[in-house]
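A.B. asks: could you work out the structure for the sequence below:
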Amino acid sequence: MSTIVETHDHDGHHGPAKGLSRWLFTTNHKDIGTLYLWFSFIMLFIGGGMAMVIRAELFQPGLQIVQPEFFNQMTTNHGLIMVFGVIMPAFVGLANWMLPMQIGAPDMALPRLNNLSFWLLPMAFGILISTLFMPEGGPNFGWTFYAPLSTTYAPSTVNFFIFSVHIMGVSSILGSINIITTIFNMRAPGMTLMKMPLFVWSWLITAYLLIAVMPVLAGVVTMMLMDINFGTSFFNAAGGGDPVLFQHVFWFFGHPEVYIMILPAFGIVSHIIETFSRKPIFGYSSMVYAMASIAILSFVVWAHHMFTVGMPLAGELFFMYSTMLIAIPTGVKVFNWVATMFKGSITFETPMLFSIAFVALFTIGGFSGLMLAIVPADFQYHDTYFVVAHFHYVLVPGALFGIIAGAYYWLPKWTGNMYDEFLGKLHFWLTFISVNVTFFPMHFVGLAGMPRRYPDYALQFADFNALISVGAFMFGLTQLLFLFIVIKSIRTGKKAKPEVWEGAGDLGLEWTLSSPPPYHSFTVQPQVK
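C.D. replies: Sure, this is the predicted structure:
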């Protein structure tokens, strides 16, 4: 059971710890969920600021505001922060808040481990960001840190980068162990696995993925460390190693990682769509099997990131067909979401708007992924802005929209206050428009041959790049509106009614069992209807 740091007031009464110590030592799942969410929000603005530097430089051809070296540091850190510091911690925060409530558990199974999992993250990102202030500058080799760029030619700060990646990995593994233990051991009586909410399922699958692939990431950065400091030659051809080995090991981690960043969003969006369609999700069991299939297939497609390294034809064919196979379970999910909305009594509150946009735009990202899966076509698309457009369509209107939708959907449950619906819809439309203005033209410049990760480009790409940069700045500023909406909701929002979403009945919130308030004695055992 949670350990509570107790304080004594002047009357000698006991009470939960207040102020800083409450947040430092908390073992309460709601507090820890809140810490994760605010941490990821702060990192969103730091990583977003780096994206703004990139887009300001690319507003017109030529070198304007930063040196190429610093530009490379910005692209590298932007990617690392957005993946490991924004998307993943936000999903873990949502899991901390919602999983115990959705399965009827009083808290997470391992509350002190939960606290440790969170506090490792600020340390890791403190180390990573501090490299930017060191004389040699931060990592400058892209977020995929390919050898030999990251080993033979890297600044000495690469050692700090490796250490910070290790700490992030430990945090993820500990968090995943906690989630799996909680789901298997702490479900309320009567809640079988196939009665669990889809968000719980999505996280159970994600946690297994994390435990499987995080040690692979740890392995590849340890091999880098050895190559740099101890004279090994894992990735050095001169010593009998192979730089392509790096790509194999990295992408064996990296491809499941992509699904780690989208699976929890599938769960969130499923809840929201059923709530605002006033219908149970269409094909619950097929949704569970689709998520499991996606997770399993994610382990056998890694080399589709590497079609240009010169692998044998049989290898190219295998990775091409297995990649296309993932489109099937993904298509099942999209079909089920649309079927849930079909003939439903739909209302378009802010969470529903973000969820519908998620389905539409994530599908675009899926289609461009299918294009990239085709080997001869990928030879042309590889390392162009087409790839940048593809994965940003999956990760921004995909993962990030899922997180924002979940935040709007559950804010009344977390704070007891409603957000401002008008401002929420304004936030949605500005975000929706700016995301498409930013990332859709990237398909065009990519197909026309503009390479990614360059601070300068040929004159014919100037107009599209100006448009992309305008969209990016619009998107960045709009997220300040989101910050305002969240703070306004917490401080002065109207009290939420017990039935938050009018007319939704038990749907959507059907499985959200009442969780005891913080520091409760946990004597009440929730039951599943």
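A.B. asks: show me what whatever helix or strand H255 lives in is packed up against.
C.D. replies: Using DSSP states H and E, H255 falls within helix 243-260. Where contact means 3 or more Cβ pairs under 8 Å, 6 or more residues apart in numbering; DSSP states H and E, helix 243-260 is packed against helix 198-229, helix 284-297. C-beta: built from backbone N, CA, C; applies to glycine.
A.B. asks: what is the rounded mean pLDDT of the following helix or strand past the last one?
C.D. replies: In this case it means helix 284-297. Using DSSP H and E, the next helix or strand after helix 284-297 towards the C-terminus is helix 313-325. Helix 313-325 carries an average pLDDT of 97.
A.B. asks: ok, stretch 35-48 next?
C.D. replies: 98.
A.B. asks: return that stretch as CSV; C-alpha atoms alone will do.
C.D. replies: Provided in CSV are the C-alpha atoms of stretch 35-48 (Å, rounded to 0.1, in the frame of the first residue of the first chain):
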residue,chain,number,x,y,z
LEU,A,35,3.7,15.1,-12.6
TYR,A,36,4.2,13.1,-15.8
LEU,A,37,1.6,15.2,-17.7
TRP,A,38,3.1,18.6,-16.6
PHE,A,39,6.6,17.3,-17.3
SER,A,40,5.6,16.3,-20.9
PHE,A,41,3.8,19.7,-21.4
ILE,A,42,7.0,21.6,-20.4
MET,A,43,9.1,19.4,-22.7
LEU,A,44,6.6,20.0,-25.5
PHE,A,45,7.4,23.7,-25.4
ILE,A,46,11.2,23.0,-25.2
GLY,A,47,11.2,20.6,-28.1
GLY,A,48,8.7,22.8,-29.9
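A.B. asks: show me where the stretch 401-529 of the chain has its helices.
C.D. replies: Here the stretch 401-529 of the chain has its helices, by DSSP state H, counting those that start in this stretch, at 401-415, 421-447, 462-492.
A.B. asks: and the first one, what does it pack against?
C.D. replies: If I follow you right, that is helix 401-415. Partner elements for helix 401-415 (3+ Cβ pairs under 8 Å, 6+ apart): helix 29-57, helix 88-103, helix 263-277, helix 350-373, helix 421-447, helix 462-492.
A.B. asks: and the ones you listed as a markdown table, adding distance to I81 and mean neighbour count?
C.D. replies: What follows is the helices and strands packed on helix 401-415, written out as a markdown table (distance: least, Cβ to Cβ, whole Å; neighbours: other Cβ atoms under 10 Å):
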| stretch | distance to I81 | mean neighbour count |
| --- | --- | --- |
| helix 29-57 | 4 | 20 |
| helix 88-103 | 10 | 26 |
| helix 263-277 | 19 | 27 |
| helix 350-373 | 21 | 21 |
| helix 421-447 | 18 | 19 |
| helix 462-492 | 14 | 17 |
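A.B. asks: in TSV, list those along with distance to V332.
C.D. replies: As requested, the helices and strands packed on helix 401-415 are exported to TSV (distance: least, Cβ to Cβ, whole Å):
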stretch	distance to V332
helix 29-57	29
helix 88-103	22
helix 263-277	11
helix 350-373	12
helix 421-447	25
helix 462-492	31
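A.B. asks: of all those, which one is nearest E257?
C.D. replies: Of all the helices and strands packed on helix 401-415, it is helix 88-103 that lies closest to E257, at 8.8 Å by Cβ to Cβ.
A.B. asks: on that earlier part again, could you dump the helices of the stretch 401-529 of the chain to JSON lines with distance to I180 and mean pLDDT?
C.D. replies: Below are the helices of the stretch 401-529 of the chain laid out as JSON lines (distance: least, Cβ to Cβ, whole Å; pLDDT from 0 to 100):
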{"stretch": "helix 401-415", "distance to I180": "21", "mean pLDDT": "96"}
{"stretch": "helix 421-447", "distance to I180": "33", "mean pLDDT": "98"}
{"stretch": "helix 462-492", "distance to I180": "30", "mean pLDDT": "97"}
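A.B. asks: CSV for these, including distance to A295?
C.D. replies: Conversion of the helices of the stretch 401-529 of the chain to CSV gives the following (distance: least, Cβ to Cβ, whole Å):
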stretch, distance to A295
helix 401-415, 17
helix 421-447, 26
helix 462-492, 30
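A.B. asks: and of the helices and strands packed on helix 401-415, who's closest to H248?
C.D. replies: With Cβ to Cβ, the closest approach to H248 among the helices and strands packed on helix 401-415 belongs to helix 350-373: 17.8 Å.
A.B. asks: show me how far the closest one is from its chain's centre.
C.D. replies: 15 Å (Cα atoms, centre = their mean, to the nearest Å).
A.B. asks: so what does it touch, helix or strand wise?
C.D. replies: Short answer (3+ Cβ pairs under 8 Å, 6+ apart): helix 350-373 packs on helix 263-277, helix 313-325, helix 327-341, helix 375-381, helix 385-394, helix 401-415, helix 421-447.
A.B. asks: nearest to E136, out of the ones you listed?
C.D. replies: helix 385-394 (26.9 Å).
A.B. asks: quick check: buried residues in that closest one?
C.D. replies: Buried residues in helix 385-394, counted by 16 or more other Cβ atoms under 10 Å: Y385, F386, V387, V388, A389, H390, F391, H392, Y393, V394.
A.B. asks: cool, and stretch 331-349?
C.D. replies: V332, K333, V334, N336, W337, T340, M341, G344, I346, E349.
A.B. asks: thought P148 was touching N236?
C.D. replies: Yes: assessed by Cβ atoms under 8 Å, P148 is found in contact with N236 at 6.7 Å.
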